[in-house]
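**Student:** structure here, sequence nowhere to be found:
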């Protein structure tokens, strides 16, 4: 198994990303600066399976990215973009939570299914958790287990951390941006070999702009 053991690097990037507790330039038009809770958000009904103009914007971004990258395939939208929250990230309590937009799809030509999401900062750790003794830390979006064949993490020149894990039947990838937000996708095969590569899925997540979640937050 190939895995990058860049714990110190990921820690440094995490500290940089989470040290800023105010919105970045994308949300500068908000009337008041809203603090980003490092440990995660309190539950909010405004983020509990809600659809609005901001999730519509994310939906359009995903569809545009799919058309650009996989123009020969047909996609069935099994879950239209929606605001959701990840619970129990501390392993014990329903809150704090992570806040995200998510949209799911099927590929008609291959029978594969995949999920896409963009996350606000708050309760997120960038990079990959190397799982030992089945102890999952859900502040990480990606986890490297003994069943995985590749677990890779790279930092780009702008400070974005791009990472993926795979065992050959799935690819899970995420991009963690310097402002603390993240874009993510899980892509899996249910019959036959997987028709996408880790490079395909990492390119997809890098094509997903996180601005819609920031605009949703500034207008909450």
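**Tutor:** Great, that's in hand. Please read these numbers as outputs of a predicted model, since none were measured by experiment.
**Student:** contacting residues around residue 137?
**Tutor:** The contact partners of residue 137, taken as C-beta atoms under 8 Å, 6 or more residues apart in numbering, are 125, 129, 143. (Each C-beta comes from the backbone N, C-alpha and C, glycine too.)
**Student:** same deal with residue 136?
**Tutor:** Per C-beta under 8 Å, 6+ apart, neighbours of residue 136: 129, 143.
**Student:** same thing with residue 41?
**Tutor:** Residues near residue 41 by C-beta under 8 Å, 6+ apart: 47, 85, 95-99, 120, 122-123.
**Student:** follow-up on the earlier one: take the contacts of residue 137 and lay them out in TSV including pLDDT.
**Tutor:** TSV is the format used below for the contacts of residue 137 (pLDDT from 0 to 100):
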residue	pLDDT
125	97
129	97
143	98
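**Student:** could you turn the buried ones of those residues into a ChimeraX selection?
**Tutor:** Restricted to buried positions by 16 or more other C-beta atoms under 10 Å, the ChimeraX selection for those reads:
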select :125,129,143
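**Student:** quick one: which of the contacts of residue 137 is nearest to residue 177?
**Tutor:** residue 125 (13.6 Å; C-beta to C-beta).
**Student:** quick one: the closest one and residue 142 touch, right?
**Tutor:** No - look at residue 125 against residue 142 with C-beta atoms under 8 Å: they stay out of range, at 9.6 Å.
**Student:** coming back round to it: and the contacts of residue 41, which two are furthest apart?
**Tutor:** Most distant of the contacts of residue 41, by C-beta to C-beta, are 95 and 120, 14.6 Å apart.
**Student:** neighbour-wise, which of the two wins?
**Tutor:** Using other C-beta atoms under 10 Å, the more surrounded residue of residue 95 and residue 120 is residue 120, with 24 against 16.
**Student:** mind checking pLDDT for that one?
**Tutor:** Residue 120 carries a pLDDT value of 98.
**Student:** how close does the nearest residue to residue 176 once chain neighbours are set aside get to residue 178?
**Tutor:** For residue 176, ignoring the flanking residues on the chain, the nearest one in space by C-beta to C-beta, 6 or more residues apart in numbering is residue 126 at 3.5 Å. Counting by C-beta to C-beta, to the nearest Å, the separation of residue 126 from residue 178 is 10 Å.
**Student:** more neighbours: those two, which one.
**Tutor:** Counting neighbours by other C-beta under 10 Å for residue 126 and for residue 178 shows that residue 126 has the greater number, 31 against 16.
**Student:** where does that one sit: helix, strand or coil?
**Tutor:** Following DSSP: H, G, I helix; E, B strand; the rest coil, we place residue 126 in the strand state.
**Student:** ok, it touching residue 160?
**Tutor:** No - judged on C-beta under 8 Å, residue 126 makes no contact with residue 160 at a distance of 9.2 Å.
**Student:** give me the common contacts of the two.
**Tutor:** Counting by C-beta under 8 Å, 6+ apart, the residues touching both residue 126 and residue 160 are residue 176.
**Student:** picking that back up, for residue 161, see how far away the residue nearest to residue 176 is.
**Tutor:** 5 Å.
**Student:** nearest to residue 182, of the contacts of residue 137?
**Tutor:** Nearest member of the contacts of residue 137 to residue 182, counting by C-beta to C-beta, is residue 125, at 9.9 Å.
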